[in-house]
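Participant: Got a sequence here, can you model it:
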Amino acid sequence: MQANVGTIDRVLRILVGVLLIALTLTGTIGLWGWIGVVPLATGAFRFCPLYPLLGINTCRK
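Facilitator: Have a look, this model is predicted:
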């Protein structure tokens, strides 16, 4: 796995993921908020499996 998620993209993914999970745990939103695990994981591992399929790479070269 080669990193394809850049710094700003990574920070935004982690923030959105944590926010969705926190809102789910507090009962503000329903169970669908657990989808926040996906952006959290892709931000943590710096790899998004959809990016190669779409030809996107937000990392600096």
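
Participant: list the contacts for the residue nearest to residue 58 when sequence neighbours are not counted?
Facilitator: Distances taken as Cβ to Cβ, 6 or more residues apart in numbering place residue 6 nearest to residue 58, at 3.6 Å, with adjacent residues excluded. Where C-beta positions appear, they are placed from N, C-alpha and C, glycine not excepted. Neighbouring residues of residue 6 by Cβ atoms under 8 Å, 6 or more residues apart in numbering: 58-60.

Participant: Tell me which residues touch residue 52, please.
Facilitator: Going by Cβ under 8 Å, 6+ apart, the list of residues near residue 52 reads residue 4.

Participant: Helix or strand: which one has the spatially most central residue of the chain?
Facilitator: By Cα atoms, centre = their mean, the chain has its centre lying nearest to residue 39, at 1.8 Å. Using DSSP states H and E, residue 39 sits within helix 37-45.

Participant: got the residue ranges for the helices in the chain?
Facilitator: 7-25, 37-45, 50-54 (DSSP state H).

Participant: Including pLDDT and neighbour count, could the contacts of residue 6 go into a markdown table?
Facilitator: Formatted as a markdown table, the contacts of residue 6 follow (pLDDT from 0 to 100; neighbours: other Cβ atoms under 10 Å):
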| residue | pLDDT | neighbour count |
| --- | --- | --- |
| 58 | 95 | 15 |
| 59 | 93 | 14 |
| 60 | 85 | 6 |
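
Participant: For residue 34, state which of those is nearest.
Facilitator: residue 58 (24.8 Å; Cβ to Cβ).

Participant: from memory the closest one sits against residue 5, does it?
Facilitator: Yes - counting by Cβ atoms under 8 Å, residue 58 does reach residue 5; the two are 5.9 Å apart.

Participant: So for those two, which residues contact both of them?
Facilitator: Joint contacts of residue 58 and residue 5 (Cβ under 8 Å, 6+ apart) are residue 51.

Participant: Having no further points to raise, I will conclude here.
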